[in-house]
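Peer 1: What would the 3D arrangement of this be:
(chains A and B)
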Amino acid sequence: MTEFTDTFTEPRRKRDAASRFHTAAIIAIPLAAILFQVYVPQFIKYLSYLELPLLVTVYFSLMRRSPIAGVLFGAGIGLAQDSLSSHPLGMFGIVKTLVGYFAASMSQRFEVENSVVRLILAFFFCFFHQFFYWVLARALLGEGLDFDPQQTIVVSMLNAAVAVPLFHILDKLKVTG
Amino acid sequence: MEYLLNRYRTLSVLLLAILAQLVLLAYQVKSNGEVRLIRVWAVTAVTPLARAIESTRGAVSRFFSDYFVLLDVREENKRLKKELDRVNMDNQYLRSELDTADRAKSLAIFQSRSPSKTIAAHIIGNTTGSGAKTVIVDRGSASGVQKEMAVITPDGIVGKVVDVYPTASFVLLATDPSFAAGVISQKNRVHGTLKGQGGTKVIVDYVQNEENVEPGEWFYTSGDDGIFPKGLPAGEVTSVHPGKSKKEIILSPSGFQNGLEEVLIIIEGVHAPIPELPAPHQQIHVQPPPPPETSSAQPGGASGPPAATAPPAVPLSDADRILDRYRQLGIAEKHEWGVRGRGAPDFNLPLDAAKPAEAPKPKQNQ
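Peer 2: So this is what the prediction gives:
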């Protein structure tokens, strides 16, 4: 294995060490992310492109390193987001369930404390989230939504740029010992 | 089976979670049924938090606004002391103008004048859908709001209520692609259907090419849709082009012109007639010029502001009295009006103290 790949992969013992969080943090952070999405774009329109609930789902799934926990986080946050939207329940739920599962699965293979890895994963999951939501909306609801790959890439890059400092802040909430 | 479930536990949980949500989706799509309980819980949980954040933001914003207004008023006060009461009166007038322009007041005035029964609501958030054109207002079924009620501002229509919860409601904005309302043009009474486009503009659909619609023309609600009462302004035509069979009419929606913070929900709508256009060559009344002033109208008769601005012999209003006082102060201080570099007389002196030992000689031709 090369030195480069060693930076992004790690010994299995270290990989298996899942981070722990206070129950209050696990409830309050997604709630705050959803509230942010409901409230803040009211005043700053550009922030409507920020998918904080998605970033929180990715973070918790990566840090917990358990696909089952990832599925539950994703489903919970997605359904909560759905219930505050005007479309049927389950759209964000399904997409975020998959994001949670894949993020947790990735965390078992990569060094997720690394900022570059976090940036790439956040970008990938944001793009996947937007794309899969579009697929579901077309396939299940028959909605003729437009999918602009260029715009989605830019939005995903912006979200990924926000994800790195956000994840660092959320790291402070980890329970040590 | 149990072995398989244990062996593929993770995958089983994933499939179970997705399957459950698919069933939930299918139920909603097939039966057009609402999973109302979950939404009620979510909205009821979020509304107080959103309301608390909004009131905190409002308080902080008001504090800073008041602070800066106070600073401004202090500076303005210094200047106003130099310019004395006349500018102060102007200031008061501007203040009253500003107050009148205040959004909440204008909303209340509109509400009291509108024939329809309305309740005011505050927008407390957006829904979470990407590119959503739906907002959350702080009035719900507890305030008498029902689904499909019209939402307006004094400037025009805003949208309609699509979901109602005890303490909040979702309002689909007129710019949403799924929004539609019956409209009629003001000038030629052309009927059409207003539809959102997802952007800032809306279109009027189903207008035949033979119909006559002009840019700048206004569209009003026709009352055909059973949601909006007739006679509410919908928007102004920004462009009209003939299409294959129907006209392509783009409208600038008037309800969004001054931003959306407070809206009115129409509880009981009353149809009103479409306002008539003003007559094209309406005569305008012009007051005849005032008669020329005589010299006796000027107290003291000495140097003062030009005769055209001289007050009547007996001051009629506060402004006249103040102007008269300034003139007398100017005379007492031997001030020459309109001379560059002389500045302004000291208007703060009491009139008695300012009077010179002997009255100044009049300069004007008698």
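Peer 1: Can you find which helix in the chain contains the most residues?
Peer 2: Let's take chain A. For chain A, the helix that runs over the most residues, judged by DSSP state H, is helix A:115-140.
Peer 1: please go with chain B instead
Peer 2: Chain B, longest helix under DSSP H: helix B:36-101.
Peer 1: tell me the average confidence for that one?
Peer 2: The pLDDT scores in helix B:36-101 average 74.
Peer 1: CA-only coordinates of stretch B:203-223, as CSV, when you get a sec.
Peer 2: Extracted in CSV, the C-alpha atoms of stretch B:203-223 (Å, rounded to 0.1, in the frame of the first residue of the first chain):
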residue,chain,number,x,y,z
ILE,B,203,-48.2,33.7,-16.9
VAL,B,204,-51.8,34.0,-18.0
ASP,B,205,-52.9,30.9,-19.9
TYR,B,206,-55.8,30.0,-22.1
VAL,B,207,-56.1,33.4,-23.8
GLN,B,208,-56.8,33.1,-27.5
ASN,B,209,-54.6,34.9,-30.0
GLU,B,210,-57.7,36.8,-31.2
GLU,B,211,-58.2,38.4,-27.8
ASN,B,212,-56.7,41.9,-27.2
VAL,B,213,-54.3,42.2,-24.3
GLU,B,214,-51.7,45.0,-24.0
PRO,B,215,-48.5,45.4,-22.0
GLY,B,216,-49.1,47.5,-18.9
GLU,B,217,-52.6,46.2,-18.6
TRP,B,218,-53.7,44.9,-15.2
PHE,B,219,-55.3,41.6,-14.5
TYR,B,220,-57.7,41.1,-11.6
THR,B,221,-59.2,38.0,-10.1
SER,B,222,-62.3,36.9,-11.8
GLY,B,223,-63.8,34.9,-8.9
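Peer 1: if we can go back for a sec, any part of the longest helix of chain B near chain A?
Peer 2: Yes. Using Cβ under 8 Å from any Cβ of the partner chain, helix B:36-101 reaches chain A at B:38-39, B:41-43, B:46, B:49-50, B:53-54. (C-beta placed from N, C-alpha, C; glycine too.)
Peer 1: out of those, which is most surrounded?
Peer 2: B:Val46 (25 neighbours; other Cβ atoms under 10 Å in any protein chain shown).
Peer 1: Skip the chain neighbours and tell me the closest residue to the residue of chain A found nearest chain B.
Peer 2: Closest residue of chain A to chain B, Cβ to the nearest Cβ: A:Ser83 (3.5 Å). Distance criterion Cβ to Cβ, 6 or more residues apart in numbering or on different chains; nearest residue to A:Ser83, sequence neighbours excluded, is B:Ala42 at 3.5 Å.
Peer 1: Now do the helix or strand hosting B:Thr10 against helix B:36-101, angle only.
Peer 2: Taking DSSP states H and E as the definition, B:Thr10 sits inside helix B:9-31. Counting by axes from the mean of the first three to the mean of the last three Cα atoms, to 10 degrees, helix B:9-31 lies at 70 degrees to helix B:36-101.
Peer 1: In contact with the residue nearest to the spatial centre of chain A, which residues?
Peer 2: Residue closest to the average C-alpha location in chain A (Cα atoms, centre = their mean): A:Val58, at 2.8 Å. Listed by Cβ atoms under 8 Å, 6 or more residues apart in numbering or on different chains, the contact partners of A:Val58 are A:99-100, A:103, A:121-122, A:125, A:163.
Peer 1: Between helix A:115-140 and the helix or strand where it lies, find me the angle.
Peer 2: Using DSSP H and E, A:Val58 falls within helix A:52-64. Interaxial angle, helix A:52-64 versus helix A:115-140 (the same axes, to 10 degrees): 120 degrees.
Peer 1: I'd like the next helix or strand past helix A:52-64.
Peer 2: helix A:67-83.
Peer 1: Does anything pack onto that next one? Which helices or strands?
Peer 2: helix A:23-39, helix A:52-64, helix A:91-107, helix B:9-31, helix B:36-101 (3 or more Cβ pairs under 8 Å, 6 or more residues apart in numbering or on different chains; DSSP states H and E).
Peer 1: May I see those organised as a markdown table, with distance to B:Asp346 added?
Peer 2: Formatted as a markdown table, the helices and strands packed on helix A:67-83 follow (distance: least, Cβ to Cβ, whole Å):
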| stretch | distance to B:Asp346 |
| --- | --- |
| helix A:23-39 | 55 |
| helix A:52-64 | 63 |
| helix A:91-107 | 72 |
| helix B:9-31 | 79 |
| helix B:36-101 | 10 |
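Peer 1: Chain A versus B:Ala174, what's the distance?
Peer 2: 15 Å (Cβ to the nearest Cβ, to the nearest Å).
Peer 1: rewinding a little: out of the residues of helix B:36-101 next to chain A, which is nearest to B:Phe170?
Peer 2: B:Val43 (8.4 Å; Cβ to Cβ).
Peer 1: residues contacting that closest one?
Peer 2: A:83-84, B:136, B:165, B:167-168.
Peer 1: related to what we said a few turns ago, close enough to count as contact, the residue nearest to A:Ser83 and A:Ala80?
Peer 2: Yes. Counting by Cβ atoms under 8 Å, A:Ala80 is a contact partner of B:Ala42 at 6.2 Å.
Peer 1: Flag every residue of chain B that's near chain A.
Peer 2: B:9-10, B:13-14, B:17-18, B:21-22, B:24-25, B:28-29, B:35, B:38-39, B:41-43, B:46, B:49-50, B:53-54, B:123-132, B:134-136, B:162-163, B:170, B:172.
Peer 1: buried ones in stretch B:184-191?
Peer 2: Under the neighbour-count criterion of 16 or more other Cβ atoms under 10 Å in any protein chain shown, stretch B:184-191 has B:184-187, B:190 buried.
Peer 1: Go through those and flag which are in strands.
Peer 2: B:184-185 (DSSP state E).
Peer 1: which of the buried residues of stretch B:184-191 lies closest to B:Lys82?
Peer 2: B:Gln186 (50.0 Å).
Peer 1: Helices of the stretch 201-350 of chain B, residue ranges please.
Peer 2: B:318-332 (DSSP state H, counting those that start in this stretch).
Peer 1: Flag the shaky bits of chain A, pLDDT-wise.
Peer 2: Scanning chain A for pLDDT under 70 picks out A:1-17, A:177.
Peer 1: now B:Asn188, nearest residue through space, not along the chain?
Peer 2: By the measure of Cβ to Cβ, 6+ apart, the closest residue to B:Asn188 outside its immediate chain neighbours is B:Asn212, 4.9 Å from it.
Peer 1: okay, now the one you found: neighbour count?
Peer 2: Residues near B:Asn212, counting by other Cβ under 10 Å: 12.
Peer 1: residues from chain A in reach of chain B?
Peer 2: So chain A meets chain B at A:31, A:34-35, A:37-39, A:41-42, A:48, A:51, A:53, A:67-68, A:71-72, A:74-75, A:79-94, A:97-98, A:101, A:130, A:133, A:140-141 (Cβ under 8 Å from any Cβ).
Peer 1: Separate out the buried members of those.
Peer 2: If we count by 16+ other Cβ under 10 Å, the residues of chain A next to chain B have these buried: A:31, A:34-35, A:37-39, A:41-42, A:48, A:51, A:53, A:67-68, A:71-72, A:74-75, A:79-94, A:97-98, A:101, A:130, A:133, A:140.
Peer 1: Show me the shaky parts of chain B.
Peer 2: Ranges of chain B meeting pLDDT under 70: B:1-7, B:32-36, B:85-89, B:91-106, B:128-132, B:277-286, B:289, B:292-316, B:340-342, B:352-366.
Peer 1: what domains does the record give for it?
Peer 2: B:2-31, B:102-274, B:309-361 (automatic domain parsing).
Peer 1: quick one: which of those domains is nearest A:Ser115?
Peer 2: domain B:102-274 (26.7 Å).
Peer 1: so how far is the first residue of stretch B:120-140 from its last?
Peer 2: End-to-end distance for stretch B:120-140: 12 Å, by Cα to Cα, to the nearest Å.
Peer 1: Show me which positions of that stretch end up buried.
Peer 2: So for stretch B:120-140, counting by 16+ other Cβ under 10 Å, buried means B:120-130, B:132-140.
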